[in-house]
Structures are given as C-alpha cells and as structure tokens.
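# here's a sequence, model it:
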Amino acid sequence: MTTATDPAPPRHGPIRLGIVGIGKIARDQHVPAIMANPGFVLAATADPHGSLDGVPAFGDFAAMLAGMPDLDAVAICTPPGLRAGIATAAIDAGLAVLLEKPTAATLAQAEGIVAHAAASGTPLMATWHSREAAAVAEARGWIAERQVAQVTITWKEDIRRWHPGQEWILAANGFGVFDPGINALSILTEILPDPVRVETAHIAIPEGRAAPIAARLALVSGDARIAADFDFLQTGPQSWDIRVGTDSGTLVLSDGGATIAIDGEAPRRADNVEYRALYARFAQIVAEGTSDADLAPLRLVEDAIRVAEREVVAPFAF
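Take a look at the predicted model:
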C-alpha cells in the first residue's frame, strides 16, 4: 500500500469535503485530521443527531448534497450498514469517497462500491487506519527478509470505554468485536508477504445480540500459522499486540502498531498520526483521480463469521 505523509492539495485548490456521520470516530479522528491538512476544507456535515459548531449541518446526505452542490468529496463515517447506499449516491454525484473502516456491512456491498467507483472513474479510498500506525512499515520491511513461522494476535479492549452506548455495534451489521479486530487483520494483511486465509473460528455472541463480543481465529499465510484472540470485555490495560516469529528472530508490534520491539530490544514508540496519513493519502488520490480499496481485511472477517462455531454467552448491557 502506498502511503503519503505530506498533504497534497489537488490542482484546483483545497478539497471541499463533507462528513456523513458525526459520531465518536468522526469527532475524535477525522475532524482533527481534516483541520490539520491544508488540502481540505470541512464544508459540511450530515447527521440527524449531531453537528459541529461553525460547519453547515444537514440531517442526511441527500440534504447535504442538495444544499452544498460545490462539494468535491465525502467521508462516510456512519455505522457500516448505512455506508453502501450513501457511497453509491456520492459516486453518482461525482464525489470522491473516503470510507471509514470496515468498508461496508458485507463483502458483496464493498465489492459493489469498488466496482461502481471504477466504472464511474470516481476516486475511492477504503481506509484501514491501523496500517498507518508508526511501526507497521518497518515491520513489513523486516518481515520481507525472513521466513514467518507463526503469528499471535492479542486484540482485547473495553467496549464500554471505546464505544460507550453505541448499541449499533452489537446489532446486525455492527461487526461487534470485529470492529476493532479488523484493525489487527488490516495490519496482518499488510505486513505478511503471502495471502492470509481463515481455517477455523469460534465466536461468542451475547444473548439477545446479533454480533460477537469475542472471537478466536486460526489462520494461515504460506507456511505460517496464525492465532488471533479478540475480546471486547477487557478491563484494565488494553491489548493491541501482534507477535511474529520468524526463522531469524521475533518481532512484536504493540499499541495497535505504534510500538515495535525486535528480538527483545527496548520497544520503540512513535506518535499516532494514522488519520493524518489517511487524509494525506486521500488528497493524493483525489488529485490523481485514482483509488485505493483493498478489501482483504473485510474478506477475512466475512470468512471467519461464515465458518465460525457459535456460542451464546451472558447478556451484555452498556
């Protein structure tokens, strides 16, 4: 994946961008990244439940499109189940599209978006922000020179801390623990040289909910065996770790890819600039009229759910 690190404004000036969905991820990550990049102007928002001070606000995407005909692009930050329809309408309107992860509720929907954008010649970016974590590129380069034997993923966080009151995440099309877990899979598919596939999976779904709150996966990549453990009920320290054992040493990515340690050396950590890097890349894509829409992480999640052994566990309440 090509990563841009510096803003690249398009030839005609700053990109007039609208955000659809002003929830936690938009406020915490997208808005600060947009404001920090001179290649963008945050021109409008669309959300029936929220707005931003000083930014024109609309109740939905159709109203935003009608009220802001000079938009160049849209960032879609809604829950996954809503993204395909909005993305299709945005492409039909000639807007460049940035999709928060996961790209859509299903792989078929995501493939439809990609095909529609390609047929229309519309720039499209499916974002995998964890691939932009500080140590991921170094990890990929180190692994490329070695034979991977085994990988262990431990991705455990507290749903109440990171998704407070977000009932949609445990509903149908909400992804549950795969909403954070897909970040680990996005790193995995970025750093390993061979394609990754799912062998077995076990998911735990709270009684009365539709999406898993925990999952264990067994995957393979070439000759490497991969074990992934995802949990949404982790209290205390949070765990976002990937350990890669090779024929000549061990590499550990932690803090979601921001920290790296090789062969027991002191961990090295860098600042989180994931979303700034995403928007720098999106500006480049818009300027060039190209697309970047890898669906490998979403495909792994869909395969895992398809083959999973399911367990119903105790009810969960926020």
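
# right, and Ser254 touches Arg268 too?
No. Using CB atoms under 8 Å, Ser254 makes no contact with Arg268, being 10.6 Å away. In this view, the C-beta of every residue, glycine as well, is placed from N, C-alpha and C.

# okay, and the common contacts of the two?
Residues touching both Ser254 and Arg268 (CB atoms under 8 Å, 6 or more residues apart in numbering): Ile260, Ala261.

# more crowded one of these two?
Ser254 (18 against 13; other CB atoms under 10 Å).

# quick one: contacts for the closest residue to the more buried one other than its chain neighbours?
Once flanking residues are discounted, Ser254 sits nearest to Asp241: 4.6 Å by CB to CB, 6 or more residues apart in numbering. By CB under 8 Å, 6+ apart, Asp241 lies in contact with Thr152, Ile153, Thr154, Trp155, Val252, Leu253, Ser254.

# same question for Ala201.
Ala201 neighbours (CB under 8 Å, 6+ apart): Ala215, Arg216, Leu217, Ala218, Ala304, Ile305, Val307, Ala308, Glu309.

# now Val252
Asp241, Ile242, Arg243, Val244, Ile260, Ala261, Ile262, Pro267.

# just the buried ones from those?
Among those, the ones that count as buried by 16 or more other CB atoms under 10 Å are Asp241, Ile242, Arg243, Val244, Ile260, Ala261, Ile262.

# give me the secondary structure label for the residue nearest to Ser254.
Reduced to three states with DSSP: H, G, I helix; E, B strand; the rest coil, the structure at Asp241 is strand.

# equivalent analysis for the one 4 residues further on, please.
Secondary structure state of Gly245, per three-state DSSP, is strand.

# and it, how far from Thr200?
To Thr200, Gly245 is 20 Å away according to CB to CB, to the nearest Å.

# who's more crowded, the two?
Taking other CB under 10 Å, Gly245 and Thr200 do not tie; Gly245 has more neighbours (16 against 12).

# need the contact list for that one.
Contact partners of Gly245, counting by CB under 8 Å, 6+ apart, are Val148, Ala149, Gln150, Val151.

# go on, Leu124?
87, 91, 96-97, 99, 113-114, 117-118, 285, 291-293.

# can you tell me how far Lys101 is from Ala137?
From Lys101 to Ala137 the distance is 18 Å (CB to CB).

# phi and psi next, for Ile205.
Dihedral angles of Ile205 (phi, psi; degrees, to the nearest 10) stand at phi -120, psi 120.

# same question, Gly174
phi -90, psi -20.

# now the end-to-end length of stretch 281-296.
One end of stretch 281-296 to the other measures 19 Å (CA to CA, to the nearest Å).

# point out where the stretch 51-200 of the chain drops to low pLDDT.
Of all residues in the stretch 51-200 of the chain, none has pLDDT under 70.

# circling back: neighbour count for Lys101 and Ala137, which is higher?
Lys101 (21 against 16).

# pretty sure that one sits against Arg131.
No. In terms of CB under 8 Å, Lys101 does not count as a neighbour of Arg131; the distance is 9.8 Å.

# could you tell me which residues touch both of these two?
Residues touching both Lys101 and Arg131 by CB under 8 Å, 6+ apart: Ser186.

# list the helices and strands the one helix or strand Ala119 maps to packs on?
If you go by DSSP states H and E, Ala119 is part of helix 107-120. Helices and strands touching helix 107-120, by 3 or more CB pairs under 8 Å, 6 or more residues apart in numbering; DSSP states H and E, are helix 83-92, strand 96-99, strand 124-126, helix 296-307.

# which of these sits closest to Pro206?
Proximity to Pro206, assessed across these by CB to CB, is greatest for helix 296-307 (15.5 Å).
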